[in-house]
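[1] sequence unknown, structure follows:
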């Protein structure tokens with residue numbers, strides 16, 4: 001039974017917010033601080049491929065179509081219903097069956113387009129088109145694996161298991177960034193080897209989150225199929241989120257798309273490093289959202305709308321108090 005004590009709820013929200021900020025701050029800072037070392041070991045042109053990989057990942061997230069945040073809400077809503085009404089296992093299995101063709105389509109699209117991107121879009125001087133095409137194909141597989149991992153991360157987030165989720169994210173980020181640095185500094189500076197390593201990490205990430213989510217949300221039967229009655233009510237909200245995601249990606253990524261074609265790949269690498277640092281401020285609101293979304297959904301499911309409004313307003317004041325001054329300082333001294 002969920003504890004409804006206001007003091008306990010408040011402490012839990014603060015704890016989860018601190019955990020999310022700590023975990024995301026680590027992942028973000030490590031990702032930013034380690035990139036100059038990648039640049040030094042791989043060279044500007046190969047590093048430009050990493051920048052293009054980040055760009056490709058942002059655009060292919062559109063294939064998610066708003067399903068991940070909708071799964072967070074659906075799982076959290078189940079947390080606020082009687083045990084007899086819960087169907088978490090069937091819900092997770094249904095989303096798995098939806099995500100599987102999406103991720104396969106993601107990898108296939110990138111593979112088919114990779115020769116054209118390598119020969120016609122990217123402006124490389126030293127890397128051969130075959131090398132570029134192979135790297136881009138590997139990018140597609142890595143992005144597909146990360147997209148599938150998002151499904152299980154969303155389920156765990158909906159269960160409000162923030163401590164485990166952040167510990168796992170920190171572990172995966174440590175392996176991804178420091179393992180990649182060890183590879184390019186000691187063993188191989190070939191970008192193909194770098195993306196093969198990222199593929200292995202992506203596979204381990206997917207298996208880790210899948211095993212955790214399935215233990216928490218076991219399906220009634222191994223061959224449980226798509227439950228359309230569970231999924232159908234979720235689609236309108238997912239569609240609206242998908243439209244918002246399209247607008248956000250267009251506004252924040254279209255310049256990077258154009259520059260990936262206009263700039264030589266080595267110069268695009270330097271641009272990507274600067275762009276990565278600039279996006280740090282945008283990421284600061286994510287941990288608060290990750291904490292609030294499942295908790296607000298539970299409050300709505302339990303019919304406690306007054307508590308929901310109070311929590312939302314408190315979070316809004318917190319975000320304004322810390323983020324607006326920080327953004328102003330950065331803008332003033334940029």
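    Looks like it arrived, so ask away. The model shown is predicted, which means the values in this text are computed figures rather than measured ones.

[2] ok, residue 255 to residue 28 distance?
    Separation of residue 255 from residue 28 (C-beta to C-beta, to the nearest Å): 21 Å. C-beta: built from backbone N, CA, C; applies to glycine.

[3] Between the two, which has more neighbouring residues?
    Higher neighbour count among residue 255 and residue 28: residue 28, with 18 against 11, using other C-beta atoms under 10 Å.

[4] Do you know the pLDDT at that one?
    For residue 28, the model assigns a pLDDT of 82.

[5] The one 10 residues further on too?
    The predicted local distance difference test score for residue 38 is 92.

[6] Give the buried residues for the helix or strand harbouring it.
    Taking DSSP states H and E as the criterion, residue 38 maps to helix 35-42. Buried positions in helix 35-42, judged by neighbour count with 16 or more other C-beta atoms under 10 Å: 35, 38, 39, 41, 42.

[7] following that helix, which helix or strand comes up?
    helix 44-60.

[8] Now do the end-to-end distance for stretch 216-230.
    18 Å (C-alpha to C-alpha, to the nearest Å).

[9] Residue 114 and residue 141 touch, don't they?
    No - Residue 114 lies out of contact with residue 141 (C-beta atoms under 8 Å); the separation is 10.9 Å.

[10] And the host helix or strand of residue 76, how far out from the chain middle?
    Assessed by DSSP H and E, residue 76 sits inside helix 67-79. The chain centroid and the centroid of helix 67-79 are separated by 16 Å, computed with C-alpha atoms, centre = their mean, to the nearest Å.

[11] Quick one: list the elements packing against it.
    In terms of contacts (3 or more C-beta pairs under 8 Å, 6 or more residues apart in numbering; DSSP states H and E), helix 67-79 is packed against helix 88-116, helix 129-158, helix 235-262, helix 286-301.

[12] among those, which is nearest residue 269?
    helix 235-262 (10.5 Å; C-beta to C-beta).

[13] buried ones in the very next helix or strand once past the closest one?
    Sequence-wise, the next helix or strand downstream of helix 235-262 (DSSP H and E) is helix 265-278. Using 16+ other C-beta under 10 Å as the test for burial, helix 265-278 gives 265, 266, 268, 269, 271, 272, 273, 275, 276.

[14] Surely the second one touches residue 125?
    Read that as residue 266. Yes - under the criterion of C-beta under 8 Å, residue 266 makes contact with residue 125 at 7.1 Å.

[15] What are the buried residues along the one helix or strand residue 215 maps to?
    If you go by DSSP H and E, residue 215 is part of helix 191-216. Neighbour counts over helix 191-216 (16+ other C-beta under 10 Å) mark 191-199, 201-202, 204-206, 209-210, 212-214, 216 as buried.

[16] and the angle for that helix with helix 129-158?
    Angle of helix 191-216 versus helix 129-158, following axes from the mean of the first three to the mean of the last three C-alpha atoms, to 10 degrees, is 20 degrees.

[17] ok so, going back, packing partners for the helix holding residue 38?
    helix 44-60, helix 162-182, helix 265-278.

[18] contacts for it?
    Here helix 35-42 makes contact (C-beta atoms under 8 Å, 6 or more residues apart in numbering) with 47, 50, 180-181, 184-185, 189, 191, 194, 269-270, 273, 276.

[19] tell me, what residue is most central in this structure?
    Centroid check for the chain by C-alpha atoms, centre = their mean gives residue 150 as the closest residue, at 6.1 Å.

[20] Could you list the low-pLDDT ranges of the stretch 101-250 of the chain?
    Low-confidence segments of the stretch 101-250 of the chain (pLDDT under 70): 219-225, 227, 234-235, 237-242, 244-245.

[21] Perfect, I'm done here.
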